[in-house]
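J.: structure here, sequence nowhere to be found:
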């Protein structure tokens, strides 16, 4: 009986989690026009390989030249978002695990006064239907934003940062600045099915040991 209780305690402890870095990007090494997507630099244990988590642009944007940043222009000059004008990044856990995002930290830089001044964060959890945060960046330097979230457990999720209110489509906005430019924090836990199967397996093992099988 004591062995079974110990097994259950081990399984229960596996379901506990603490907020930690899930994935991050640092664009300090970029220069000129960076076409296409960029892979992440750091990924937590139990998240997929860094090469599988990418930052990319929406189809409405054009890659723009920048040093130390992932940049784009052709942002909408409208007062509401355009469905094709966004930066996008995806997260994915290893098989048998799920994650919950607790915060996103990002450096958003405007390289001129014509770049977008308003940004909205949305996610694939509701097919990008609702805004998780609205950010205002009216300066011409880097703004560091910390967005606290309470996301559901998921094996995969994609986030989009939409930009609008540009005074010219030539305006250049980018992820860039000092240190890590985009970081996602959260918790990682085994999927319920994985935990249940492990618990049953350990209990069966203890039972066989007790019977001397």
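T.: Yep, that arrived. A quick note: this is a predicted structure, and the numbers were derived from the prediction, not measured.
J.: tell me which residues of the longest strand along the chain come out buried.
T.: Within the chain, and with DSSP state E defining each element, the longest strand by residue count is strand 97-110. Neighbour-count burial for strand 97-110 flags 97-110 (criterion: 16 or more other CB atoms under 10 Å). Quick note: C-beta positions are derived from backbone N, CA and C, even for glycine.
J.: after it, which helix or strand is next?
T.: Proceeding C-terminally, strand 97-110 gives way to strand 118-123 as the next helix or strand, assigned by DSSP states H and E.
J.: that next one pairs with which strands?
T.: Its sheet considered, strand 118-123 pairs with strand 133-136 (antiparallel), strand 156-164 (antiparallel) by DSSP bridges.
J.: buried residues, the last one. List them.
T.: The neighbour-count check on strand 156-164 (16+ other CB under 10 Å) flags 157, 158, 159, 160, 161, 162, 163, 164 as buried.
J.: the fifth one against residue 85, yeah?
T.: Yep, that's residue 161 we're talking about. No. Using CB atoms under 8 Å as the test, residue 161 is too far from residue 85 to be in contact (9.9 Å).
J.: tally of neighbours for the nearest residue to residue 122 once chain neighbours are set aside?
T.: Excluding its sequence neighbours, the residue lying closest to residue 122 (CB to CB, 6 or more residues apart in numbering) is residue 128, at 4.2 Å. Residue 128: 20 surrounding residues under other CB atoms under 10 Å.
J.: try the one 10 residues further on
T.: Per other CB under 10 Å, the neighbour tally for residue 138 reads 12.
J.: how far away is the residue lying closest to it once chain neighbours are set aside from residue 43?
T.: The spatially closest residue to residue 138, leaving aside those adjacent along the chain, is residue 117, at 4.8 Å (CB to CB, 6+ apart). Relative to residue 43, residue 117 is positioned 32 Å away (criterion: CB to CB, to the nearest Å).
J.: and the next element down the chain from the lowest-mean-pLDDT helix or strand in the chain?
T.: Of all the helices and strands that make up the chain, the one with the lowest confidence by mean pLDDT, DSSP states H and E is helix 2-14; it has a mean of 38. Following the chain from helix 2-14 toward its C-terminal end, the next helix or strand by DSSP H and E is strand 20-25.
J.: which residues are in contact with that next one?
T.: 38, 40-44, 47, 50, 53, 55, 70, 89, 91, 99, 101, 175, 180-188 (CB atoms under 8 Å, 6 or more residues apart in numbering).
J.: contacting residues around the residue nearest to residue 138?
T.: Each residue near residue 117 by CB under 8 Å, 6+ apart is listed here: 110, 136, 137, 138, 165, 166.
J.: for the spatially most central residue of the chain, give the beta-bridge partners.
T.: Of all residues in the chain, the one closest to the mean position by CA atoms, centre = their mean is residue 184, 4.6 Å from it. On DSSP bridges, the residues paired with residue 184 through beta bridges are residue 23, residue 104.
J.: now do residue 39
T.: Applying DSSP bridges to residue 39 yields these beta-bridge partners: residue 54.
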